[in-house]
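Q: dropping the sequence and predicted coords here.
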Amino acid sequence: LAHTDESGVLLRDQLKSTLVFEKLNEIFSKDAMFIGHNIKFDYKFLYRAGVKLNPRLWDTSIAIQLLNGDSFKPRGLKKIIKNYVNIPNDEIQSFEEASEGFNAALVNPEEMGRYAINDVIFTYYLYAALKPKIDEAYSYLFYNAEAPLVHILAQMELEGIRLDSGYFGRIEGPLNKHKEALEKFFKKHYEIEVGSTMQLSDYYSRHFPNVKLKLTAKKNLSTDSESLTKVLNESKKDDPVYKFTQRVLTYRQLTKALTTYIEKFPTIAVKKKVGNEMMDFIHTNYDQIKQSGRISSSPNIQNIPRSGIKDIRRGFIPNLGCVFIEADYAGQELRLAAHVSQEPKMLRAYVEKPREADLHTLTAKEIFGVSEVTPEQRHIGKTINFSILYGATEYSVARTLKIDKADAGFYIKRFK
């Protein structure tokens, strides 16, 4: 269906799209399990065509990633099928090869049919090879967590998240002016282009020879954000190197905020009519398989800055009649740590207040020897809690909290 000649005229003797989708709806609405490779893509395509796919899904790409971990990169069916199924090379054809670089609608229907049928057959062969491995090693995780999540993420991607483009427009101008002012300041007072890593490296080398910066592959001083943050944390506030570095990092923050979020998001937003209004929505793609258990997204809308140059999260707003809900595991890792370590104070906190226990406040009270803690002290307690759990050093704690290494060591010792 929908094949055309080069002028866009539909070829004869094809099925009507409405008929095809009507019949597919009858099939896909059945209470059955549907197998696919990266089936979220197909789910969304069918949904937009009016076909509602039953949410019982078996995705071979997710099964492969579960079995191989984060190190597994190839996603394409044709790239991985040979690792699991003995198929002759001449039968494996990529879409690029089948279409010869043309849009699918321009490909000969017979040729496209052969390619599409192989896609279905290969996916089933892959499912047959993977199912016993999944059932043996990851049965609970796959069937109770990962498989049901495909449908949920597909719905989230289709829905999108509403963007307040007006907010981004209002803050873009002032931030660009701030950025331009900093560029002029660096040119006038330091005689360098602040955006040039080579000129920055040379400036540190000539003016701050005692500052320790790692070398790049080309033997230049590294001026990446991690290196400069370290310089800032290890310098006194009245030192020239502190003020210079702080300005560089402020410029970097401005540039990232503008290019990654403020300028970019409105350009990739999709306009949709909601009620009588036209609204902007960002449709991101979620990648659910990560060793950490977290979901990643592209474009990334999960690590939007709340503080710093601007509160960029304010640019994301609920749809009409909706609200944002924030949920938390309530210190899941700390509860596990209390159980494993059997540390008396942690256990007592969870036994006495199983739902309301605040281990970050408790840790801050222990560290500072006080009965009431400030928000800043609680933040330090939280950082120490997770730092100890994940084996962080005094240096990394000092860098995270932007404090002296000696103070970080003191907090860690008080905790222990």
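A: Right, received. Where do you want to start? Everything numeric here is computed off the predicted structure, so don't read it as measured data.

Q: contacts only, for residue 297.
A: Going by C-beta atoms under 8 Å, 6 or more residues apart in numbering, residue 297 touches 284, 285, 286, 287. For every residue, glycine as well, the C-beta is placed using N, CA and C.

Q: swap in residue 78?
A: 92, 93, 94, 122 are the contacts of residue 78 under C-beta under 8 Å, 6+ apart.

Q: who wins on neighbours among these?
A: In terms of neighbours by other C-beta atoms under 10 Å, these top out with residue 122 at 22 neighbours.

Q: right, and the helix or strand after the strand or helix carrying that one?
A: Take DSSP states H and E as the rule and residue 122 turns out to sit in helix 109-137. Next along the chain after helix 109-137, taking DSSP H and E as the criterion, comes helix 139-141.

Q: on that earlier part again, hmm, which of the contacts of residue 297 is lowest in pLDDT?
A: Model confidence across the contacts of residue 297 bottoms out at residue 287, which has 89.

Q: what bridges to it?
A: residue 296 (DSSP bridges).

Q: ok, it touching residue 296?
A: Yes: if you go by C-beta atoms under 8 Å, residue 287 and residue 296 touch, sitting 4.7 Å apart.

Q: out of the contacts of residue 297, which is nearest to residue 222?
A: Within the contacts of residue 297, the smallest distance to residue 222 is 29.7 Å, found for residue 287 (C-beta to C-beta).

Q: measure the closest one to residue 146 for me?
A: Look at residue 287 and residue 146: by C-beta to C-beta, to the nearest Å, they are 12 Å apart.

Q: the two: which has the busier surroundings?
A: residue 146 (19 against 14).

Q: quick check: which element contains the closest residue to that one other than its chain neighbours?
A: Sequence neighbours aside, residue 62 is the residue nearest to residue 146 in space, at 5.4 Å (criterion: C-beta to C-beta, 6 or more residues apart in numbering). Using DSSP H and E, residue 62 maps to helix 60-68.

Q: angle of that helix against helix 109-137?
A: Put simply, helix 60-68 runs at 40 degrees to helix 109-137, going by axes from the mean of the first three to the mean of the last three C-alpha atoms, to 10 degrees.

Q: would you mark the buried spots in the next helix-or-strand element following helix 60-68?
A: Counting by DSSP H and E, the next helix or strand C-terminal to helix 60-68 is helix 77-80. Judged by neighbour count (16 or more other C-beta atoms under 10 Å), helix 77-80 contains these buried residues: 77, 78, 80.

Q: pull out the buried residues from stretch 85-99.
A: In stretch 85-99, counting by 16+ other C-beta under 10 Å, buried: 93, 98, 99.

Q: for residue 169, state which of those is nearest.
A: Nearest member of those to residue 169, counting by C-beta to C-beta, is residue 99, at 40.1 Å.

Q: now do the same contact list for the residue nearest to the closest one when sequence neighbours are not counted.
A: Take residue 99 and drop its neighbours on the chain: the residue closest to it by C-beta to C-beta, 6+ apart is residue 107, 4.8 Å away. Listed by C-beta under 8 Å, 6+ apart, the contact set of residue 107 reads 3, 98, 99, 100.

Q: how distant is the helix or strand hosting residue 20 from the center of its chain?
A: Counting by DSSP H and E, the element that carries residue 20 is helix 17-28. Centroid separation for helix 17-28 versus its chain: 35 Å, with C-alpha atoms, centre = their mean, to the nearest Å.

Q: who's in contact with that helix?
A: 1, 2, 34, 46, 49, 50, 51, 52, 53, 54.

Q: change it to 6 Å
A: 1, 49, 50, 51, 53 (C-beta atoms under 6 Å, 6 or more residues apart in numbering).

Q: that older thread, which of the buried residues of helix 77-80 sits closest to residue 116?
A: Checking the buried residues of helix 77-80 against residue 116 by C-beta to C-beta gives residue 77 as the nearest, at 11.8 Å.

Q: just give the number of residues close to the nearest residue to the closest one once chain neighbours are set aside.
A: Using C-beta to C-beta, 6+ apart and skipping residues adjacent in sequence, the residue nearest residue 77 is residue 37, 4.6 Å away. For residue 37, the neighbour count with other C-beta under 10 Å is 25.
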